[in-house]
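K.L.:
Sequence below, structure please.
(one chain, ligands or ions: 1)
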Amino acid sequence: MTHRLTACTLALVLASGLSFAQNGRSLEVDITKSVAPIQPTMWGIFFEDINFAADGGLYAEAVMNRSFEYPNPLQGWKSFGNVTVLDDGPFEKNPHYVRLSDPGHAHKRSGLDNSGLFGVAVKEGGDYRFSVWARAPKGGTGKIRVELVQTASPAEKQYFAQKKIEIASTEWQKYEVILHSDRTDPKATLRIFLETSATPVDLEHISLFPVDTWKGRPGGLRKDLAQALADLHPGVFRFPGGCIVEGSELETRYNWKNTVGPVENRPLNQNRWEYTFQYRFYPDYFQSYGLGFYEFFQLCEDIGSEPLPIVNCGLACQYQNDSPDAHASLDELGSYIQDALDLIEFANGSPDSKWGSVRASMGHPESFNLKYLGVGNEQWGSEYPERLEPFVKAIREAWPDVKIVGSSGPNSEGEQFDYLWPEMRRIGADLVDEHFYRPYDWFLSQGARYDSYSRKGPKVFAGEYACHAKGKKYNHFYASLLEAAFMTGIERNADVVHMATYAPLFAHVEGWQWRPDLIWYDNLNSYRTASYQVQKLYSDYCGESVLKTLSDGSPLCGAEGQDGLFASAVQDGDKIYVKVVNTTDKASNICLNFKKKRKAAEPRAVEMVQLRSDDLYSDNDLKNPEKYSPVRKPFEYTPGSDLICEPYSFNIYIFSLK
Ligand code: AHR
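P.N.:
Residues are numbered from 1 along each chain as shown. Take a look at the predicted model:
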């Protein structure tokens with residue numbers, strides 16, 4: 001170990017105003033050869049409909065219970081006058097609809113108010129597309145009024161946007177109007193009422209979306225949230241979760257086949273997170289599946305990510321329901337395996353194939369070029385490998401190029417982990433999914449986790465991870481810093497780890513079940529957490545190949561005696577990115593050297609990017625969305641000079657080889 005306090009260090013300490021720097025530590029970056037290529041899939045995202053991530057989040061639908069299919073068909077709606085619920089509607093899988101009829105008195109009205117998911121949010125100057133399937137069941141021309149009604153008690157009119165729709169057919173038809181909002185209101189109400197009392201109307205699939213969605217797609221995604229994903233340039237996109245894949249019971253597992261085709265006919269499903277935590281119940285939490293597998297694949301294509309869908313392996317969530325009869329028996333597994341094969345056909349099959357034609361009918365005749373498929377989530381016990389094995393056999397036979405992701409269970413180590421990893425090798429999974437929601441000391445001690453992994457057999461997919469501090473299980477900067485530190489170990493081992501995705505991704509401030517999360521929002525605004533910034537920095541400075549970094553012969557990985565420092569380095573064309581994380585409250589000076597070929601020019605310092613703070617236990621929020629943001633600054637480098645690595649900092653030093 002090198003302990004030095006050079007003149008250069010002293011000068012920098014004084015110049016930077018730091019009162020104390022830890023002893024010098026050498027860091028040699030070998031640019032003579034690369035250790036391994038970094039997979040383009042390395043830094044990705046994990047989507048699960050938890051914390052109102054889909055309905056109420058990324059999926060921009062404002063109406064709650066638009067198809068009247070909640071267990072209480074009028075949940076989310078306030079009806080007045082003469083409103084009846086009927087169940088022989090035009091959409092087989094969503095049969096309920098409402099009939100607005102004569103209220104019986106000239107001075108009364110029949111209609112409905114919808115309070116949206118945490119309110120119907122509108123922005124000043126925004127246009128909102130209202131649509132409804134309707135008919136006049138008894139003939140004649142029925143007229144409805146559609147309004148946006150303000151939250152606060154108004155001086156005069158309640159509504160601030162209004163349109164009328166005439167319904168003149170006894171056949172079901174789709175009607176659409178645009179409502180223009182002259183104000184911002186996070187919690188407006190959508191009101192619909194019958195103007196023509198003598199002529200009843202039937203209404204089904206009542207919907208309201210901003211016109212300004214991601215890519216301007218009608219019925220599309222919330223723009224700010226999709227943009228936050230695009231800005232991460234995720235290499236891989238895992239969907240649709242997590243435990244939601246498994247369901248509390250198999251009947252409510254995530255069934256991708258229910259999520260494709262016309263949205264009106266995608267059946268509602270329970271959301272597995274509605275009652276998971278006794279301290280946070282969300283009885284209104286359902287999945288409309290408006291954000292379904294077609295939309296996931298399309299989003300992957302939009303933002304350049306490899307899609308990684310996960311399918312149920314015939315096991316319900318073992319945490320919630322581990323009795324043998326909660327699961328599909330081996331004899332019953334056929335339909336689950338067929339669902340997986342059909343999914344690959346949906347993504348990649350020719351437009352003439354059964355499921356490829358569904359994709360084509362939705363507007364995408366070209367293949368989505370699916371390369372990865374996960375089977376099972378956090379499974380454990382022998383029941384998992386014995387189910388995975390026939391999946392692998394069938395997939396290999398039908399689609400030999402598709403890489404299969406198996407699971408190592410819910411824990412980062414321990415009995416199940418030790419049992420499942422060899423099983424994954426035996427079965428021949430291409431990648432193994434590892435999950436770790438762990439406290440500070442775990443992250444600090446796992447910098448070398450992958451150094452000793454076998455280089456043969458399955459690769460690692462670090463599929464769910466986040467620093468969950470005891471007593472501080474919420475987003476804060478220090479947790480993100482430890483994630484950054486740990487990620488140097490992933491990067492140094494890019495030959496073994498091929499994918500990594502922080503989890504969960506999204507959370508609504510009024511509807512969360514699980515913290516911390518990467519991106520938070522209310523109905524109008526969103527912010528990106530410090531953990532998001534860390535993920536983005538790794539993605540932005542991903543590089544093409546890993547370089548060996550040694551500190552006195554060992555990796556700098558937070559090991560004992562290494563002063564809480566972690567480091568890694570990558571090459572990206574003619575650029576070198578050296579990442580150093582200081583997890584302590586003391587500055588450290590690092591004596592950097594490049595090992596280079598004889599006569600090769602010395603790398604030249606370009607600038608550095610830094611995420612740092614002394615305010616450890618808070619994060620960005622809706623009012624201060626950029627409190628924790630990376631800053632760019634100049635730095636100087638001459639061979640053997642010391643870099644001052646400030647306390648609590650994640651630093652990326654950028655060098656040019658030109
Ligand atoms: O990310 C939240 C949950 O954590 C996932 O659904 C599950 O896989 C894990 O337990």
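K.L.:
pLDDT score for the nearest residue to Q571 once chain neighbours are set aside?
P.N.:
Nearest-residue entry for Q571: S545, 5.2 Å, with adjacent residues in sequence omitted and distances by CB to CB, 6 or more residues apart in numbering. Heads up, the C-betas are built off the backbone N, CA and C, glycines and all. Looking at S545, its pLDDT stands at 98.
K.L.:
Also D325?
P.N.:
For D325, the predicted pLDDT is 86.
K.L.:
same thing with A152?
P.N.:
76.
K.L.:
separation between it and the ligand?
P.N.:
37 Å (CB to the nearest ligand atom, to the nearest Å).
K.L.:
And for D224?
P.N.:
In terms of CB to the nearest ligand atom, D224 sits 22 Å off from the ligand.
K.L.:
From the rest of the structure, what touches the helix or strand hosting that residue?
P.N.:
Element membership for D224, per DSSP states H and E: helix 223-230. Applying CB atoms under 8 Å, 6 or more residues apart in numbering, the contact partners of helix 223-230 are 45, 57-58, 60, 210, 212-215, 299, 302-303, 505-506, 519, 521, 525-526, 528, 532.
K.L.:
next one: stretch 626-633
P.N.:
By CB under 8 Å, 6+ apart, stretch 626-633 touches 477, 480, 529-530, 533, 537, 607-611, 613, 618-621.
K.L.:
Quick check: buried residues in that stretch?
P.N.:
By 16 or more other CB atoms under 10 Å, the buried positions in stretch 626-633 come out as Y628, P630.
K.L.:
follow-up on the earlier one: just the buried residues of the contacts of helix 223-230.
P.N.:
Buried subset of those (neighbour count, 16+ other CB under 10 Å): 45, 57-58, 60, 210, 212-214, 299, 303, 505-506, 519, 521, 526, 528, 532.
K.L.:
What about these, which are in strands?
P.N.:
Secondary structure from DSSP state E places I45, P210, F506, I519, Y521, S526, R528 of these in strands.
K.L.:
Around the ligand, which positions in the chain sit nearby?
P.N.:
48, 50, 241-243, 377-378, 410, 435, 464, 503-504, 514 (CB under 6 Å from any ligand atom).
K.L.:
about what we covered before: so which of the ones in strands among the buried ones among the contacts of helix 223-230 comes closest to P267?
P.N.:
Nearest to P267 among these is F506, at 23.2 Å by CB to CB.
K.L.:
quick one, what contacts the closest residue to that closest one other than its chain neighbours?
P.N.:
Leaving aside its chain neighbours, F506 sits nearest to A53 (3.8 Å; criterion: CB to CB, 6+ apart). Contacts for A53 (CB under 8 Å, 6+ apart) come out as F47, P504, L505, F506, A507, H508.
K.L.:
can I get those in TSV with distance to R396 and pLDDT?
P.N.:
Listed next are these as TSV, based on distance: CB to CB, whole Å; pLDDT from 0 to 100:
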residue	distance to R396	pLDDT
F47	27	98
P504	31	98
L505	31	98
F506	34	98
A507	38	98
H508	40	98
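K.L.:
Assign L481 to helix, strand or coil.
P.N.:
helix (DSSP: H, G, I helix; E, B strand; the rest coil).
K.L.:
Taking this structure, what residue is nearest to the ligand?
P.N.:
Evaluated by CB to the nearest ligand atom, the chain has G242 as its residue closest to the ligand, separated by 2.5 Å.
K.L.:
Can you verify my assumption that that residue contacts N51?
P.N.:
No: using CB atoms under 8 Å, G242 is not in contact with N51, being 11.1 Å away.
K.L.:
Identify the contacts common to these two.
P.N.:
P504.
K.L.:
Would you mind naming the residues that bridge with I519?
P.N.:
F506, R528 (DSSP bridges).
K.L.:
confidence score at it?
P.N.:
So I519 comes in at 99 (pLDDT).
K.L.:
thought it was touching F506?
P.N.:
Yes: using CB under 8 Å, I519 makes contact with F506 at a distance of 5.4 Å.
K.L.:
quick check: mean pLDDT across the longest strand anywhere in the chain?
P.N.:
Criterion DSSP E: the longest strand present in the chain is strand 21-37. With pLDDT averaged residue by residue, strand 21-37 scores 89.
K.L.:
and that strand, how far from the chain's centre?
P.N.:
Here strand 21-37 is found 33 Å from its chain centre; the criterion is CA atoms, centre = their mean, to the nearest Å.
K.L.:
all strands in the stretch 351-500 of the chain, in order from the N-terminus.
P.N.:
Per DSSP state E, counting those that start in this stretch, the stretch 351-500 of the chain carries strands over the ranges 372-375, 403-407, 431-438, 459-467, 497-502.
K.L.:
buried set for the helix holding D224?
P.N.:
Buried residues in helix 223-230 (16+ other CB under 10 Å): K223, D224, L225, A226, A228, L229.
K.L.:
Any idea how far apart the tips of stretch 524-535 sit?
P.N.:
One end of stretch 524-535 to the other measures 24 Å (CA to CA, to the nearest Å).
K.L.:
What residues does I654 make contact with?
P.N.:
Neighbours of I654 in contact, by CB under 8 Å, 6+ apart: Y541, K575, I576, Y577, A605, V606, E607, M608, V609.
K.L.:
ok, the first one - contacts?
P.N.:
Listed by CB under 8 Å, 6+ apart, the contact partners of Y541 are V570, D572, Y577, K579, V609, I652, I654.
K.L.:
Sitting in strands, which of those do you find?
P.N.:
Using DSSP E, the contacts of Y541 in strands are V570, D572, Y577, K579, V609, I652, I654.
K.L.:
leaving aside the residues next to it on the chain, what's closest to the first one?
P.N.:
Put plainly, it is V570. Per CB to CB, 6+ apart, closest to V570 is G543, 2.9 Å.
K.L.:
Could you tell me how many residues sit around the one you found?
P.N.:
23 (other CB atoms under 10 Å).
K.L.:
Same check on G261?
P.N.:
By other CB under 10 Å, 16 other residues sit near G261.
K.L.:
and the gap between the closest residue to it other than its chain neighbours and P351?
P.N.:
Once flanking residues are discounted, G261 sits nearest to V358: 6.3 Å by CB to CB, 6+ apart. With distances taken as CB to CB, to the nearest Å, V358 is found 10 Å from P351.
K.L.:
same question, F655
P.N.:
Taken as CB to CB, the span from F655 to P351 is 49 Å.
K.L.:
Have a look at the two and say which one is more surrounded.
P.N.:
F655 (25 against 14).
K.L.:
what residues are up against that one?
P.N.:
K575, I576, Y577, V578, F594, P603, R604, A605, V606, Y637.
K.L.:
Quick one: buried ones out of these?
P.N.:
Using 16+ other CB under 10 Å as the burial test, the contacts of F655 include K575, I576, Y577, V578, F594, P603, A605, V606, Y637 as buried.
K.L.:
can I get those in CSV with pLDDT?
P.N.:
As requested, those are exported to CSV (pLDDT from 0 to 100):
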residue, pLDDT
K575, 98
I576, 98
Y577, 98
V578, 98
F594, 96
P603, 96
A605, 97
V606, 98
Y637, 93
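K.L.:
which of the residues in stretch 506-519 are buried?
P.N.:
Buried residues in stretch 506-519, counted by 16+ other CB under 10 Å: F506, A507, H508, V509, G511, W512, Q513, W514, P516, D517, L518, I519.
K.L.:
Just give the number of residues close to the nearest residue to the fifth one once chain neighbours are set aside.
P.N.:
Of all residues beyond its chain neighbours, the one nearest G511 is F52 (3.8 Å), with distances taken as CB to CB, 6+ apart. The burial count assigned to F52 is 26, neighbours taken as other CB under 10 Å.
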